[in-house]
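Q: Build the 3D model from these lines:
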Amino acid sequence: MDPTMRLLGRDLAMDLGAASTRIYVKRKGIVLDEPSVVMCDDRTGKIVGYGAEAADETGGRTHWPVSGGLPADAELARRMIRHFLRKVHWHPYARPRLVMALPPDSTAIDREALQDIAYEADARIVHLVPHALAAALGAGMSRGGHTGHMVIDIGRDAARIAVLSGESVVATGSVPYGGQAVNRAIVRFVEREHGLQLDDREAEAAKRHAHDGEVMVRARDPETGRERQLTLPVQHIFEATGQPVESIARAAMETVERCPAELAADLGECGAVLIGGGALLRGIGRRLRETLCMPVRRAERPLECVALGLGRCVDELGLIGRLRGGRT
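A: Below you'll find the model as predicted:
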């Protein structure tokens, strides 16, 4: 890199998710992937860890300062973003140019809050790209012509649906059922059927490994306080998560109904792509396919699609103007 560019700072992309934050460095790819969590000391309230360090710590209180791609706790989000940026790019006189995703249906206040926090976290310039377009780009969906496509992003706290035509977002929808709702459904099932208590980490592991025929989890017996191993057939997980998946399917159908007829017809052929942590749930593609009557596939790298799409914008800066021009 020439000295002038080194002084100005790197070009970075940040996917600020409710569950994880990922940073893409120009021409290098994703270099950071950590939980979007902050741990504070119970007694003093002082921050004692961020990201993976905080997730592995015990004895403190964890805070998840991001919700739906936007700061839920502005101060903790700012500190966390600054910490992550400095892990991948730190120079006292070189602040990075940053590309971030703007969630669908964001207000002008949301946009300003996201930009302000990024600037306060030491970004030099902040570009915002529509989340759905970044996801589609990262999933390898065609941007040519005006053929309709759907992106279903099942994040930590919500599922967000967007119908795209070329580089424009035509319709959006959301439902407060994301990966956490799926985890809670698994926890409730284990408690109801087996009388055991399952923590969120074990529920998450069960969800992600539910393609293996059966899943082994560690649960706590509330009567003895002892840990027990439990084998769950994947069919039981499939049944336990029916209600959240049905809610996501209904939201997707309602989004399609708001589209022009010709675009809805395109969706019958081109279908939807699943991204986000919830896309890892076994059988979810088939269930959505049956309800929506359209092809549904899981992206090759469902957890990284938004970061990869934002990274394309970093690698090809001309994309930013086109995608921003196509926002709703």
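
Q: I'd like the next helix or strand past the host helix or strand of Val306.
A: Assigned by DSSP states H and E, Val306 belongs to helix 305-315. Per DSSP H and E, the first helix or strand lying C-terminal to helix 305-315 is helix 318-325.

Q: who touches the helix or strand where Ala77 lies?
A: Taking DSSP H and E as the definition, Ala77 sits inside helix 74-88. By Cβ atoms under 8 Å, 6 or more residues apart in numbering, the residues outside helix 74-88 that reach it are 12, 14, 16, 21, 23, 25, 31-32, 34, 36, 38, 47, 50-51, 63, 65-66, 71, 96, 98, 113, 117-118, 120-123. All C-beta spots, glycine's among them, are computed from the backbone N, C-alpha and C.

Q: cutoff 6 Å now
A: With contacts defined as Cβ atoms under 6 Å, 6 or more residues apart in numbering, helix 74-88 is touched by 21, 23, 31-32, 38, 50, 63, 65-66, 71, 117, 120-122.

Q: would you list every one of the strands in the stretch 101-250 of the chain?
A: Secondary structure of the stretch 101-250 of the chain (DSSP state E, counting those that start in this stretch): strands at 125-130, 148-154, 159-165, 168-175, 214-220, 227-233.

Q: Can you name the residues in contact with the second one?
A: Residues from elsewhere that reach strand 148-154 (Cβ under 6 Å, 6+ apart): 132, 135-136, 141, 160-165, 178, 263, 266-267, 270, 272-276, 278-279.

Q: Just those: which are in helices?
A: 132, 135-136, 263, 266-267, 270 (DSSP state H).

Q: Adding distance to Ala185, write those residues out as JSON lines.
A: Listed next are the ones in helices among the contacts of strand 148-154 as JSON lines, based on distance: Cβ to Cβ, whole Å:
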{"residue": "Ala132", "distance to Ala185": "26"}
{"residue": "Ala135", "distance to Ala185": "24"}
{"residue": "Ala136", "distance to Ala185": "28"}
{"residue": "Leu263", "distance to Ala185": "32"}
{"residue": "Asp266", "distance to Ala185": "33"}
{"residue": "Leu267", "distance to Ala185": "28"}
{"residue": "Cys270", "distance to Ala185": "30"}
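
Q: Generate a ChimeraX selection restricted to the buried entries among these.
A: To isolate the buried ones among the ones in helices among the contacts of strand 148-154 in ChimeraX, judged by 16 or more other Cβ atoms under 10 Å, type:
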select :132,135,136,263,266,267,270
